[in-house]
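Q: everything below, folded, please.
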Amino acid sequence: MPVLLFRANRLLLLALPIVTVVSLLIAFKNYHSSLKDLRPIAQADAPRPFSHYQQEPDTLVPADSPNNVFYFVQLSDIHVSKYINYGGLSHLVAFLEDELPALAPDFVLVTGDLTDAKDRDRRGSKQLKEEWIAYHTTLERSGVLNRVGTNNRRFWWDQRGNHDCFDVVAQPGHPSDFFSQFSSTKKDRYNFIHLKGFGTYSFVGMNGCPRYGLRRPFNFFSIFERNDMDLLEAALKLSGDKRANHTFVTSHYPTALTLFGRTSSGKSFQELSRSISLYLCGHLHKLFWGLGEKLYAYHKGWNFLELELGDIKNHGVFRIMAVDHDLVSFTDVVLQLPRLPLPARFDISKNPSSVDIHMDKPVPSHRPPIVLITNPKNSQFALPTHEPSHRLLRSTHIRILVWPSLEVTFRNVEIWIDGKRHQHEAIYTGTGGQWDPMLRSRMGRKALNDTNAFSRTTTADGDETAVESEYIPLWVARWNPGDFDDGREHLVTVNATDENGLVGSASHIFRVDGQQSNMQSSTGKNIIQAKWIWVFQALFFIAYTSTMLILLIPKLHIAWLNEKAGGAHGYLRYRRVLSETVLNFDEILWIKDGIGRTIHPALALDRSNFEKLERYFGGRARIRMPWTWARTKNAGAHFLHSYYLRFCELSTCPEVWYPLYYYGLYIIAMPWFLGDFVPAASTLNSPLITGTRSNWLVRYGWFKLCGIHFLDDTWIPIGDTWVHAVWEQLQLFFPVVIYLSHCVTTPTLLYCSSNPRRFRPLHTHWICGLSVFFYFAYQIRESFLYRIYYGWVAIIVSPARSWWLVWVLYTTVKWSARSSSTRRLNEQEPYHATGSSGEDQRVPAAPQLLWESGDDRWQQQQSNPFSGSIVAGIGANPQYLAQSIDSYWPHDDE
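A: Okay, the predicted model is just below:
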């Protein structure tokens, strides 16, 4: 039987490189296939020029007139929820009722997550019709759906977020696609040109959601496939053809969480981004621990400014963005509410149409004025390749946009530069006025009345609609920018006081030479600039490679030792020496010098260190106590030696080592589990799935390392799979390797009977046993969460989790019991477990040689089973080491 086991082990070892290479090839093939829809079809053309300000003469001067300026508002992450009774819808109502008529922007952009789409327990996810009806009803009763923006365009531009894609089939008109029924745009993407008398401005809304709307949690990252990149290229080409002054691209996802493919012609996002001025997004909800307060970054390689906006759901944040003489400025504003988040006054779970923002006004409208300084603009957000920064140096006036509350007037506006009051007073030169809240609330497709604040315009379908005159709340003050042209940064502060005594202020640094200042929030900049998909891929590679090397290096080392020695005794000899090294490191002595001083600790117990002590103490080194719990300076070496010995012992146990190693190969090459990712596909009925395709082909998919592989051979290479893989490596695979290495290691190789605390193997301690219990409890809980997320099939057909946990539980119980019985046996007689089969072959411990110096005074003492270690002998006889030292190094008592 031992011969058969030895031959089987030999065959498995020979098959090891073949299986490893095949697994790596399959993993590479999966990665290559997952990106097939991101790769180009042809080669890219040379990039076109992306800025026209350097090519055309410019005579515009920012002065005191309210010309060459417009502004719009951005919202993000509303999360209208059926089950959460605070924030979300209440904040949207407050914005529509109080802020929107006071701001009177040209239009509003909403960058995704219109609804929450979560179950009552916040774990499951699907589209809830009640949430969409409530969202649509709110917009409809506020009048924004019927409002026509400038150029006879839509006023409210909304787009999908990841929550709006949960369990959605990529098919127009599908019952699960409530966005196409209840949103304002009703399309995944939009592209419109905002024409002003002083310029052309392009706005491109992109949908970064996966092709199939996966249920959470694997729906956090974004993908721009080849088709998406082609649409972006076409939209940017139109902007170039229209000679757009600025191009704004909006998406729910930041670029840091987006995997960009290439266009059919081979152009990358970096090449296309040359035409983009600003990239506006949401999604991150201010993160946590204050990390997401200012998530702004200028991408120097891509030449655009990216601005992430916090959510209106809990934080009540919205953004006002102004373009003044083609210099772009913005301010992020928090809703002035009695509390954040604001409790809801509507129960949409029973009646989603119950929202009435005019009968149930949530808060008073008074708030401090909102101040936005447009000239001089904040130099942290300068756009060197897209803005005419030279206009700032030629400007004659400081320009400020100030929005008071509804029906509130101003008292004064004060300007401070570098801590000094500006010598020129600010005056109001704005035009237009705020919306009439009563008329706004009643406005429909037909105009009711004409007022001085309104004019008539005709929409595309021929209906007349009341549209307010353009509102530009501009304040100006004369200045000489040459006074600040010293190549340094300066600070401008503006305080605006209204008739109620409420003060709004704004402050930022500026430069008049057009140079860009460093952003104050370096953390937010780094978060936005990082490519997190690549970061998690690198983290997985590090974690995975480390774990596999822990398994592979000792295995190859043992094979080399045995091959070199011509038999299994090669590793046994090495193990004896390594075990002795660990035992020697495990104890420590305190040394007392000749005049009573205590010196601690002694270094490792070897000849050279004692020679140093002898020279230092003048030959009077004496032992004070046999051992202590203090750590040695060689604790790191002791740790490495002991764990390497454990991993070597693990490598000699085939029934444990091979499943661990092959599991490591499996997770990079094969599917982890089968999931019900898009249950809404069960109602799919269209020519999309003809022939051999069926509903379940686009409903179920395999979770793999490189993405979700649906049964219809569609890949979704979403970055969530890499994040999950890193987490599984750290909390599922690596701890098992460490714990089993403890279980299979013979205790006498690491622990000394002269030291009761250290004799007991760590993994048999009750604290470790309790940790193992909680580990399995946590893993079982995580497995059942898979059922909530992706159905029972995710538990049943789950080789990389459920099946793996069954094997881990069986192996842990088996080897923990065997290790406990081994420890009891060792208390009577030490032994070493030998044999490649992993079976216990208890034989007396072989004598361990200490320093192989050739000196006969340091040979082993057969009378003590632990006499192979001087340190072990201390516990049996406290005077032993002192006598040994005295006998080996004679003292000079003179």
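Q: can you give me the strands in the stretch 151-300 of the chain?
A: Under the criterion DSSP state E, counting those that start in this stretch, the stretch 151-300 of the chain contains strands at 156-158, 190-196, 199-205, 222-224, 246-250, 258-260, 278-281, 296-299.
Q: hmm, residue 329 is touching residue 373, no?
A: Yes - with the criterion set as Cβ atoms under 8 Å, residue 329 and residue 373 qualify as a contacting pair; they are 6.8 Å apart. The C-beta positions use only the backbone N, C-alpha and C, and glycine is treated the same way.
Q: deepest-packed of the strands of the stretch 151-300 of the chain, please.
A: Mean neighbours per residue, mean count of other Cβ atoms under 10 Å, is largest over those for strand 222-224, with a mean of 25.
Q: helices or strands next to that strand in the packing?
A: Contacts defined by 3 or more Cβ pairs under 8 Å, 6 or more residues apart in numbering; DSSP states H and E place strand 222-224 against strand 258-260.
Q: pLDDT of the strand it packs on, averaged?
A: This predicted structure assigns strand 258-260 an average pLDDT of 92.
Q: out of the strands of the stretch 151-300 of the chain, which gets nearest to residue 747?
A: Distances from residue 747 to each of the strands of the stretch 151-300 of the chain were compared using Cβ to Cβ; the shortest belongs to strand 258-260, at 49.7 Å.
Q: can you list the strands of the stretch 151-300 of the chain in a markdown table and add distance to residue 485?
A: Shown next, in a markdown table, are the strands of the stretch 151-300 of the chain (distance: least, Cβ to Cβ, whole Å):
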| stretch | distance to residue 485 |
| --- | --- |
| strand 156-158 | 39 |
| strand 190-196 | 30 |
| strand 199-205 | 26 |
| strand 222-224 | 42 |
| strand 246-250 | 25 |
| strand 258-260 | 39 |
| strand 278-281 | 26 |
| strand 296-299 | 23 |
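Q: nearest to residue 706, of these?
A: strand 258-260 (11.1 Å).
Q: any idea how far residue 505 is from residue 775?
A: Here the criterion is Cβ to Cβ, to the nearest Å. By it, residue 775 lies 53 Å from residue 505.
Q: looking at the two, which is more packed in?
A: Neighbour totals were compared for residue 775 and residue 505, and residue 775 leads with 17 against 14 (other Cβ atoms under 10 Å).
Q: for that one, which three-state class applies?
A: Here residue 775 takes the helix state, with states given by DSSP: H, G, I helix; E, B strand; the rest coil.
Q: who's in contact with it?
A: With contact set as Cβ atoms under 8 Å, 6 or more residues apart in numbering, residue 775 has these partners: residue 735.
Q: does residue 539 sit in a helix or strand, and which one?
A: When elements are defined using DSSP states H and E, residue 539 is found to belong to helix 532-565.
Q: tell me, what's the model's pLDDT at residue 599?
A: Reported pLDDT at residue 599 in the predicted model: 41.
Q: same question for residue 641.
A: What the model reports as pLDDT for residue 641 is 76.
Q: quick one, helices of the stretch 151-300 of the chain?
A: Ranges of helices within the stretch 151-300 of the chain are 179-182, 226-241, 269-272, based on DSSP state H, counting those that start in this stretch.
Q: which of those sits closest to residue 321?
A: In this view, the helices of the stretch 151-300 of the chain are compared for proximity to residue 321 by Cβ to Cβ, and helix 226-241 is the closest at 17.3 Å.
Q: pull out the buried residues from that closest one.
A: Judged by neighbour count (16 or more other Cβ atoms under 10 Å), helix 226-241 contains these buried residues: 226, 228, 229, 230, 231, 232, 233, 235, 236, 239, 240.
Q: for residue 419, state which of these is nearest.
A: Of all the buried residues of helix 226-241, the one with the least separation from residue 419 (Cβ to Cβ) is residue 239, at 41.9 Å.
Q: can you tell me the closest non-neighbouring residue to the closest one?
A: With sequence-adjacent residues excluded and distances taken as Cβ to Cβ, 6 or more residues apart in numbering, residue 239 is closest to residue 202, at 3.7 Å.
Q: number of nearby residues for residue 381?
A: Using other Cβ under 10 Å as the criterion, the residues surrounding residue 381 number 20.
Q: lowest-pLDDT helix or strand in the protein?
A: Averaged element by element with mean pLDDT, DSSP states H and E, the chain has its least confident helix or strand at helix 870-876 (a mean of 34).
Q: mind listing what the spatially closest residue to residue 811 that is not a sequence neighbour touches?
A: Spatially, and ignoring its direct neighbours in sequence, residue 811 is nearest to residue 656 (6.2 Å; Cβ to Cβ, 6+ apart). With contacts taken as Cβ under 8 Å, 6+ apart, residue 656 has the following neighbours: 650, 740, 744, 811, 815, 838.
Q: alright, I will stop here.
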